[in-house]
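Trainee: Quick one, fold the following:
(one chain, ligands or ions: 1)
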Amino acid sequence: ADHCFDYPQTPALMDWSKYYPEKFKECAESPPTVEFADIGCGYGGLLITLSPMFPNSLMIGMEIRVKVSDYVMDRIAALRTQNPSEYQNIACLRTNAMKYLPNYFRKGQLKKIFFLYPDPHFKKAKHKWRIVNQSLLAEYAYVLSEGGIVYTVTDVKDLHEWMVQHFEEHPLFSRISDEELKLDPIIEKLYSSTEEGQKVSRNNGDKFLAVFRRIKDPLVI
Ligand code: SAM
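Mentor: Numbers count the residues shown, from 1 in each chain. Have a look, this model is predicted:
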């Protein structure tokens, strides 16, 4: 139940320093901000892969299951101990990302959001629980900077089509072409750096990718 969640009333009240203590020590005068969010991060494989690729970007995994988020926090703590000065830019917090995203991030704060293998919620009556829907897209557009990128991968064709349709219908997102994606080093990591992606690979499942850019609001001059 929601009373279990501890969340900041506003992004300004969020204390990120305890998640990235070394990064905050390094830049005491101009504290860094979280720029990447892995929504429903599961066991944290993507964060661990991206950490050395973007050592100066802070990344947060958001995960609703308490045991899973505890596992990711322990995993990162162990990596930090084994590799001093590395993995200082990644962290995980337990939250319901469908409810509290704007409590954590101010307008335009994020550069990248990841939805890797989100829960499919197959039945029509459960579609409202999908992590991509019309009202949530407005929140994702709000917390993303102009030019910010949303990455989605799923093994469920119906969910892929659902996500593509919702993002394409939304006025603040535009799909990025395959040609352009070839230049993005993150793309190849999306398929099997996460535990769910590895499971799909073992089962020879399909993997559908769709990536979108947060574009300028045409109504704001
Ligand atoms: N992205 C990971 C991967 O690729 O291995 C995990 C994929 S798993 C199928 C979906 C994850 O989303 C689960 O760990 C689930 O607990 C989490 N999740 C579902 N709804 C969520 C929500 N509202 N807020 C945060 N996490 C959520």
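Trainee: you'd agree F36 is in a strand?
Mentor: Yes: counting by DSSP: H, G, I helix; E, B strand; the rest coil, F36 is part of a strand.
Trainee: what about it, distance to the ligand?
Mentor: According to CB to the nearest ligand atom, to the nearest Å, F36 and the ligand sit 13 Å apart. Just so you know, the C-beta spots here come from the backbone N, C-alpha and C atoms, and that holds for glycine as well.
Trainee: right, and that residue touches M62 too?
Mentor: No: applying CB atoms under 8 Å as the test, F36 and M62 come out as separate, 11.0 Å apart.
Trainee: These two: which has the busier surroundings?
Mentor: F36 (24 against 21; other CB atoms under 10 Å).
Trainee: Report the contact partners of the closest residue to that one other than its chain neighbours.
Mentor: Nearest in space to F36, with sequence neighbours left out and distances taken as CB to CB, 6 or more residues apart in numbering, is M59 at 3.9 Å. Taking CB atoms under 8 Å, 6 or more residues apart in numbering, we find M59 in contact with V34, E35, F36, A37, D38, L47, L50, S51, N89, I90, A91.
Trainee: can you check I90 too?
Mentor: I90 neighbours (CB under 8 Å, 6+ apart): G44, L47, I48, L50, S51, L58, M59, I60, G61, I76.
Trainee: any idea of the pLDDT on the residue lying closest to it once chain neighbours are set aside?
Mentor: Nearest residue to I90 in three dimensions, chain neighbours excluded: L47, at 4.2 Å (CB to CB, 6+ apart). Per-residue pLDDT puts L47 at 98.
Trainee: So what touches the strand or helix carrying L47?
Mentor: In this structure, L47 is located in helix 45-50 according to DSSP states H and E. Applying CB under 8 Å, 6+ apart, the set of residues contacting helix 45-50 from outside is 36, 38, 41, 59, 61, 72, 75-76, 79, 87, 90, 92, 114, 116, 186, 189-190, 193-195, 197-198.
Trainee: 6 Å - rerun?
Mentor: With CB atoms under 6 Å, 6 or more residues apart in numbering as the test, helix 45-50 has contacts from D38, M59, G61, I90, K189, S193, T194, E195.
Trainee: one step back: now for the residue nearest to I90, how many residues are close by?
Mentor: 26.
Trainee: From A78, how far out is E161?
Mentor: Noted for E161: a distance of 39 Å to A78, by CB to CB, to the nearest Å.
Trainee: So what are the sheet partners of the longest strand along the chain and their directions?
Mentor: If each strand of the chain is counted by residues according to DSSP state E, the longest one is strand 144-154. Using DSSP bridges, strand 144-154 pairs in its sheet with strand 110-116 (parallel), strand 208-214 (antiparallel).
Trainee: any chance of these in CSV, plus distance to P171 and mean neighbour count?
Mentor: Below are the strands paired with strand 144-154 laid out as CSV (distance: least, CB to CB, whole Å; neighbours: other CB atoms under 10 Å):
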stretch, distance to P171, mean neighbour count
strand 110-116, 18, 22
strand 208-214, 11, 20
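Trainee: Just the buried subset of the contacts of M59, written out for ChimeraX, thanks.
Mentor: Those of those that count as buried under 16 or more other CB atoms under 10 Å are selected in ChimeraX with:
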select :34,35,36,37,38,47,50,51,89,90,91
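Trainee: Just give me the closest of the contacts of M59 to the ligand.
Mentor: D38 (6.7 Å; CB to the nearest ligand atom).
Trainee: Noted, bye for now.
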